[in-house]
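A.B. asks: Below are the sequence and a predicted model for it; my questions follow.
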2 protein chains.
Amino acid sequence: MWTLTETTFAPTSQHHKETIFTIGNGYLATRGVFEEGYPDESRATFIHGVFDDVPFAVTELANAPDWLPLTIWLDGEKFSLAEGQILDYNRQLDLRTAVLSRRVRWQSPGGKTAVITFERFVSLADEHLLALRCRVTPEFDGSIEIRAALNGCTDNRGMAHWQRIDQGQIAPSTAWLRSRTRASGIEVALAMRLQSTSSLQSEYWDAENVPTLRQVFRACRGETLTVTKLVGIATSRDTAHPQEMALEHLNQAPGWEAALEAQKQAWDREWERCDIVIEGDEEAQLAVRFSLFHLLIAAPRHDNRVNIGAKTLSGFGYHGHAFWDTEIFMLPVFTFTAPHIARNLLDYRYRTLPAARRKAAQAGYEGAWFAWESADTGEETTPTWVPDFQDKKKLARVWTGDLAIHISADVAYAAYQYWQASGDDAWFAERGAELLLETARFFVSRAEWQDERRGYGYQDVIGPDEYHDHVSNNAYTNKLAQWNILTALDVLAWLREHHPARAAALTQSLHLSDETLAHWRTVAEKMLLNVRPNGLIEQFDGFFALQDVNLQDYEPRTKSMHEIFGIEAANRYQVIKQPDVLMLPHLLPDEYRQEQIQTNYDHYTPRTDATYGSSLGPSIQAIVAARAGHVEEAYRYFLLAARADLNDVRGNAGDGIHAASAGGIWQAVVFGFCGLRLTQEGWRLEPRLPAAWKRISFRFFYRGRQQVVELPAA
Amino acid sequence: MWTLTETTFAPTSQHHKETIFTIGNGYLATRGVFEEGYPDESRATFIHGVFDDVPFAVTELANAPDWLPLTIWLDGEKFSLAEGQILDYNRQLDLRTAVLSRRVRWQSPGGKTAVITFERFVSLADEHLLALRCRVTPEFDGSIEIRAALNGCTDNRGMAHWQRIDQGQIAPSTAWLRSRTRASGIEVALAMRLQSTSSLQSEYWDAENVPTLRQVFRACRGETLTVTKLVGIATSRDTAHPQEMALEHLNQAPGWEAALEAQKQAWDREWERCDIVIEGDEEAQLAVRFSLFHLLIAAPRHDNRVNIGAKTLSGFGYHGHAFWDTEIFMLPVFTFTAPHIARNLLDYRYRTLPAARRKAAQAGYEGAWFAWESADTGEETTPTWVPDFQDKKKLARVWTGDLAIHISADVAYAAYQYWQASGDDAWFAERGAELLLETARFFVSRAEWQDERRGYGYQDVIGPDEYHDHVSNNAYTNKLAQWNILTALDVLAWLREHHPARAAALTQSLHLSDETLAHWRTVAEKMLLNVRPNGLIEQFDGFFALQDVNLQDYEPRTKSMHEIFGIEAANRYQVIKQPDVLMLPHLLPDEYRQEQIQTNYDHYTPRTDATYGSSLGPSIQAIVAARAGHVEEAYRYFLLAARADLNDVRGNAGDGIHAASAGGIWQAVVFGFCGLRLTQEGWRLEPRLPAAWKRISFRFFYRGRQQVVELPAA
């Protein structure tokens, strides 16, 4: 099960398929649109870090100049799946090699038939190289024309980001285009070469913003002609001379076969590190590889100035912004299977510390308060207002940027987990420790003494469950803050022992006097945690007093309870968007016993909008259900996560991959069903496998060495 | 003084010049950008009625596919004013013929020199024909290449509105492009033909969305080559087959010389109707013709489904929306000089009556409440929120769409004025009367009985002065509402006498029972008008109690008092954006005596933000100042209006022509300085000419016959 296959083309699922057939290399990704175009397609290539402003709205990843266009003309008739007859159709994404291919037998309206195949990949061996091969086997004698272009006229759902700088031709079959984002001024250069078997005629059209290479061939019935389009790409984020760099990579590129071979080898190395084999369950097997694939193609391997957006690089949703989705859902996958990528992503947070410090300071706090939505600089990019569900002309206030303070603890958690798993002391001393200390400092300064309850807590926040805003003492927030502060104190102790100079420097720069640290400990120890005597944790002050709802009464439904209740009214019900309390036994498994987990699982599960609430929910439900001993229920949640994108069960996969869900799927398998735990001594497994799984095998890195797990144990 | 001239090109005033050098024909207009392009240009062509949605914002006139591109290559070097050396430069707009021309002597970076001239016009004789001629006289021997394109990749300041439908070549030198707006689905077709003296080589590039015709010439020192680009244009608003229609107009087009001759004749007829000659004051002479020109090129001659936007068709400002600017500032010009255009504009309001009725009904009122900002359908298109002056990330609520009810009376006023001046009884009986009656019905239903003052009035409104919102009993609104109701009663009486069938139909459809009409009269007679015993009119309840400000204390300044005070705080001061009370003696001159005008003029003038408040203000100040006998002060206000666009005194002419100001300039001359008044018997003059004006002559239509005025009388 390495292949995603489509055997008929249905325009109704066009955008969903464009998302799942996205290919990428961690530098950029291109949606699974057709080379020749199709009406109403959502055509896009996103390059990491290439953000541009949107007037009066938040910055967004700009849909890059298009490297893909290749059109075919059979005796003067343009090939398009929107016309003529599709006699045969097959599209495949090979997850093992990241090559997307399509084979179409097509008859033109005028009756000319040909078999046309496309193969394309964005090279993992050379991130600045993109490759496309087209083969045409005519069933007629006549002419075939191929046009390959670079297109600078792209937009983000109507928002134009690019201005042309210049373009031109170098060799007869080589042309280039330089474009610049309008506000942020990032330059992208593309250079293409069109190689083919003997063409009759070849020319270059220097048309404004669409440099085009055109080749005309004699069509002989049954004889296949092959055209290869190679494209070099670079941006001003990579070099001061993007055009030269793009050309360099194009010129150094080997032919199609050699480039494809390098691609396969590069991907073999990826899968060698992270593949999971599940025997006995083809759907799970494909879903796991599909999820890993989409994380891998979005993961920056050579850039620590970028993060992975909530929709990866695969769609317009959330504008390319990164959320806690990275640290809590995706990063564990990289921490355990690709520590170098995990470190890049954590470096991004380290690099955005100045912005996080500014955000905290502007609100009157110390330390680092990370942006809820983060783009290029780490400034807060959560929109303040969005169109209302009910009346798109009205605006609804978005509060997460103001109130979702748990993001800082999420970042700290991921940094600590990376350290624990990797043993990368050098990085942690240099960067990770500061992340822990600065976030702890924020949580201490943000904590409020609540006299009537003799404890510290946080008023006016939003926890993971976004159906309730402006809540107080959200259990997740308070507990993670406590963990963050206490762990930071441990980290400082470790640092003082092993890296005294660094410890001294941080002690001074962060003003960590003994009195201050004593106060930290007091705040942490007196943190209000909302635990009832029976172990039940109240999600926030007053949650249990809210109106209870039987979610079954609303079935069947096709939208979230948020939309059904309305944004304001949702606050009044005990219905939650996603696990909130249940995040705690997932993240801090050693702090909760089986019985308490069971109690909380039983209370919150029926109150969670698992189908249309957050796509982050099902995988966590699966993990906690497995922990609580409900393996088959866990498996049902796992499938809900697995189908989010593959089957588009939420109906919004067209906006891009649900990246947190993809990360959650890996975690459900590894932490949930296989029960991987880090311990003081190393790691152990507590497997609780679904019945159908005959065998599972996976690999992960622990302290720099690859570990191999086979279950059931041989 | 028929010519606008620019003798050096200054990139700093690029956008201002693009606006004032706009050409048009009442069907479309094209900003004065360079054919070959220039960095950061604000390139645009707007076609009447071609609106498209903007996600989560108001609809806007879509910047059309670009008919203009023509680039020149001297021995392979591209002509651009951004490079090489400008040895000589001259640009002229001939207001008499609406031909824009540019002559440049330019040396390429590589040392090739040529004299290049461009001439272009959008035909008034055939609204679907656009013409451009380029002549190149090289001072070298070598090659010259010309490329002419149609470009479908345009946007409105970053908002992309178009999708390509199709394109192609017909004859060797003829190509076409079809595009469609993304949301509203309006198709625009362009077809171009490139004609030239003997070219060595000629080809067509069918590049995606940029069909391009290319011709290569031998350059011989001193020999001029001439290229003519003719373009046919049509939209799906004109015909079911825009492409055929565009080609038809292109094919029927005569050559350049004949088309230009037709253009001159068509414009002669325009000026014959409306020119004003002022001797002794060149600045005034040019300003008056310039204003008339910009109204004429924006005025729909063959389409009564569109209105003129506040920035005409000359810029992106206000999205092409129409305001009261049309009825109160522009329409009088057409009513008196081009009644057929005035009728088209009034027909537009008549056609949007259904939307105006819906607006009233949705707010719980009867009759017709016209949209404050009106686009294609007449639905309200005022934005509800706009970015705040101080912090662009914050939003400020815009209240005019909710509160500026005077728009309905403004429409009624213009319809009545048109009737009085034109004597077009047929139109008035069929359409105008209904406008008067429906707006009156609105004002009666919207009126509130104010018990403590024993009168009717309007609470929570905005008058012409937008520095103050949520005011009560705005004198302008109350007085115009009174006028509207009383005039509607007169109109109904006239209708019953002269068009009894129509009167009966309206009586029935609008429920005009005798009791209802008696109530109308009561409301009108008991309308609160805020007149003090000394004749001073309080702009609204409590205005005189607001904090007074000496505007001199803020000089010199470069922004409006609204920006200085802030939107909220401006409400607290006796500083107004534009004449409000003083609109009354302007619109209803017979109802105010000299002394009362003087009293109000003296009070409000020093409190009016004449420089950076509304551009609608100075012309009205000029008219009322003249009426009050202050001719030289009136002249100073007149110059302020005259310079708004010509000299860009407000700094925002780049957004488009201040159309209301342009209309106000004509009114200042005709109603202000010349003192034209309609009377029961006909018309009379009360001239008060500025000292410098030796002679003034103008023409206007009264009851279908052209009148000629010469002052001082011979």
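C.D. replies: Good, I have the coordinates. Numbering: from 1, shown residues only, chains lettered A, B, ... in the order given.

A.B. asks: which residue sits closest to residue A:142, ignoring its sequence neighbours?
C.D. replies: Nearest non-adjacent residue to residue A:142, counting by Cβ to Cβ, 6 or more residues apart in numbering or on different chains: residue A:75, 4.2 Å away. For glycine as for every other residue, the C-beta is placed from the backbone atoms N, C-alpha and C.

A.B. asks: again with residue A:435
C.D. replies: That would be residue A:415: by Cβ to Cβ, 6+ apart, it lies 4.6 Å from residue A:435.

A.B. asks: Give me the local confidence score for that neighbour.
C.D. replies: As predicted, residue A:415 sits at a pLDDT of 98.

A.B. asks: pLDDT (mean, whole number) over stretch A:556-573?
C.D. replies: The model assigns stretch A:556-573 a mean pLDDT of 91.

A.B. asks: and the end-to-end length of it?
C.D. replies: By Cα to Cα, to the nearest Å, the extent of stretch A:556-573 from end to end equals 19 Å.

A.B. asks: how about the residue nearest to residue A:435, what does it touch?
C.D. replies: Neighbouring residues of residue A:415 by Cβ atoms under 8 Å, 6 or more residues apart in numbering or on different chains: A:346, A:349, A:428, A:431, A:432, A:435, A:436.

A.B. asks: now residue A:112
C.D. replies: A:74, A:75, A:77, A:138, A:139, A:140, A:142.

A.B. asks: Based on its surroundings, how many neighbours for the closest residue in space to it that isn't next to it in sequence?
C.D. replies: The shortest distance from residue A:112 to any non-neighbouring residue, by Cβ to Cβ, 6+ apart, is to residue A:74 (4.3 Å). Using other Cβ atoms under 10 Å in any protein chain shown, residue A:74 has 26 other residues around it.

A.B. asks: Show the contacting residues for residue A:74.
C.D. replies: Residue A:74 neighbours (Cβ under 8 Å, 6+ apart): A:108, A:112, A:114, A:138, A:140, A:142, A:144, A:219.

A.B. asks: if you set the cut-off to 6 Å instead, what comes out?
C.D. replies: Going by Cβ atoms under 6 Å, 6 or more residues apart in numbering or on different chains, residue A:74 touches A:108, A:112, A:114.

A.B. asks: Looking at those residues, which is nearest residue A:210?
C.D. replies: Among those, residue A:108 lies closest to residue A:210 (Cβ to Cβ), at 23.8 Å.

A.B. asks: wait, doesn't the closest one sit right on residue A:77?
C.D. replies: Yes: Residue A:108 is within contact range of residue A:77, at 4.1 Å (criterion: Cβ atoms under 6 Å).

A.B. asks: ok, these two, which is more surrounded?
C.D. replies: residue A:108 (20 against 17).

A.B. asks: Mind giving me the PyMOL select for the contacts of residue A:112, buried ones only?
C.D. replies: Buried subset of the contacts of residue A:112, written as a PyMOL selection, criterion 16 or more other Cβ atoms under 10 Å in any protein chain shown:
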select buried, chain A and resi 74+75+77+138+140
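
A.B. asks: The contacts of residue A:112: which two are farthest apart?
C.D. replies: A:77 and A:139 (13.6 Å).

A.B. asks: I'd guess residue A:68 is in a strand, am I close?
C.D. replies: No: using DSSP: H, G, I helix; E, B strand; the rest coil, the secondary structure at residue A:68 is coil, not a strand.

A.B. asks: Can you tell me the closest non-neighbouring residue to it?
C.D. replies: Once flanking residues are discounted, residue A:68 sits nearest to residue A:35: 5.5 Å by Cβ to Cβ, 6+ apart.

A.B. asks: Could you report the neighbour count for that neighbour?
C.D. replies: 19.

A.B. asks: what's the answer for residue A:280, then?
C.D. replies: 14.

A.B. asks: Verify the contact between residue A:659 and residue A:312 for me.
C.D. replies: Yes: with contacts counted by Cβ under 6 Å, residue A:659 reaches residue A:312, the gap being 4.8 Å.

A.B. asks: of the two, who's got more company?
C.D. replies: Each of residue A:659 and residue A:312 has its neighbours counted (other Cβ under 10 Å); residue A:659 has more, 30 against 26.
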